[in-house]
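Student: Show me how the following folds:
(one chain, ligands or ions: 1)
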Amino acid sequence: MTATEILADRDAVIEHVSDRAVSLLAELTAARERVDVCLTGGTVGIGVLAAIALHPQTSKIDLARIHWWWGDERFVAADSDDRNEKQAREALLDVLGVDESRINALPASDEGLSLEQGATAAANELEEATPFALTFLGLGPDGHVASLFPGHPAASAEGPGVMAVTDSPKPPPERLSMTLETINASERIWIAAAGADKADAVAAVMQRPGTQPVPGGSVSGTQETLLFADEAAASQL
Ligand SMILES: O=C1O[C@H](COP(=O)(O)O)[C@@H](O)[C@H](O)[C@H]1O
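Tutor: Now for the predicted structure:
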């Protein structure tokens, strides 16, 4: 069951989610030797990472215990500005000086692997991870999360792992995405959405009458599922 927290605007969503993330990661890294965290791309998602980097309490997080993953990636060259990895590195990982050995990026198109081979390699790498303690997700205006788009075969793929996504309705057309089952093995899933263009998607995620099912509505963490929305995105609730 997804619970919602509604904040005034985009900046308030980013501030609130980053506050909660810093507290949670400080607590988890004090209690566990290994904490796997799954990142997202997207406007609010990257904003949250930038805010974590600048947060006054971030030094309380034991970074040596965190392993970083991505829920989805655009299958483009490693140095492309479209890469969720590149954006996350610039916003957070490089700023904090995270060690390369703990960054588990999804393959890029210039690494010598086809899209399918990249999905297989990523799924194999994922086997070393513990279930994600925290997974961040953005929400597209169509209700997509990660690169699981409504009506697209990847969104209904069964089993754990990483899907090769072709013909993505949102550019770039080739992507890699964790499956719903892998995402839903996460202890906590936090979806963040802001802006009036997300209002229909937020209503669909919360399964309001008259809405159609969307991938974001099938997301469910084993301990917690939270949707953080600003007032504009929550206007149809
Ligand atoms: O393409 C993507 O879009 C979604 C949502 O992005 P937003 O800019 O509309 O917030 C994002 O969650 C996903 O990681 C990304 O690859």
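Student: Tell me where this protein has strands.
Tutor: Under the criterion DSSP state E, the chain contains strands at 3-7, 35-39, 66-70, 72-74, 134-137, 162-165, 175-178, 188-193, 224-230.
Student: Can you name the residues bridging to residue 137?
Tutor: In this entry, residue 137 is beta-bridged to residue 191, by DSSP bridges.
Student: Could you tell me which residues make contact with it?
Tutor: Going by CB atoms under 8 Å, 6 or more residues apart in numbering, residue 137 touches 40, 45, 71, 145, 146, 183, 189, 190, 191, 192, 216, 219. All C-beta atoms are positioned from the backbone trio N, CA, C, and that covers glycine.
Student: Out of the strands of the chain, which is closest to the ligand?
Tutor: If you check each of these against the ligand by CB to the nearest ligand atom, strand 72-74 wins as the nearest, at 4.9 Å.
Student: That closest one - what's its average pLDDT?
Tutor: Averaging pLDDT along strand 72-74 gives 98.
Student: swap in stretch 183-195?
Tutor: For stretch 183-195, mean pLDDT is 98.
Student: which among the contacts of residue 137 end up buried?
Tutor: 40, 45, 71, 145, 146, 183, 189, 190, 191, 192, 216, 219 (16 or more other CB atoms under 10 Å).
Student: The fifth one and residue 72 touch, don't they?
Tutor: Just to be clear, that refers to residue 146. Yes: between residue 146 and residue 72 there is a contact under CB atoms under 8 Å: 3.8 Å.
Student: quick one: common contacting residues for the two?
Tutor: 40, 177, 178.
Student: Any chance of the contacts of residue 137 in TSV with distance to the ligand as columns?
Tutor: Listed next are the contacts of residue 137 as TSV, based on distance: CB to the nearest ligand atom, whole Å:
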residue	distance to the ligand
40	4
45	6
71	6
145	6
146	6
183	11
189	12
190	12
191	9
192	8
216	9
219	11
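Student: How about residue 200, nearest residue that isn't a chain neighbour?
Tutor: residue 236 (6.4 Å; CB to CB, 6 or more residues apart in numbering).
Student: go on, residue 33?
Tutor: Excluding the flanking residues, the one nearest residue 33 by CB to CB, 6+ apart is residue 65, at 6.1 Å.
Student: check contacts around that neighbour.
Tutor: 29, 32, 33, 34, 35.
Student: now, which of these sits nearest the ligand?
Tutor: When these are ranked by distance to the ligand (CB to the nearest ligand atom), residue 35 comes first, at 20.6 Å.
Student: Settle this for me: the closest one is touching residue 28, isn't it.
Tutor: Yes: at 4.8 Å, residue 35 and residue 28 qualify as touching, with contact defined as CB under 8 Å.
Student: Quick one: list the elements packing against the longest helix belonging to the chain.
Tutor: Assignment by DSSP state H gives helix 10-31 as the longest helix of the chain. On a contact count with 3 or more CB pairs under 8 Å, 6 or more residues apart in numbering; DSSP states H and E, helix 10-31 meets strand 3-7, strand 35-39, helix 43-54, strand 134-137, strand 188-193, strand 224-230.
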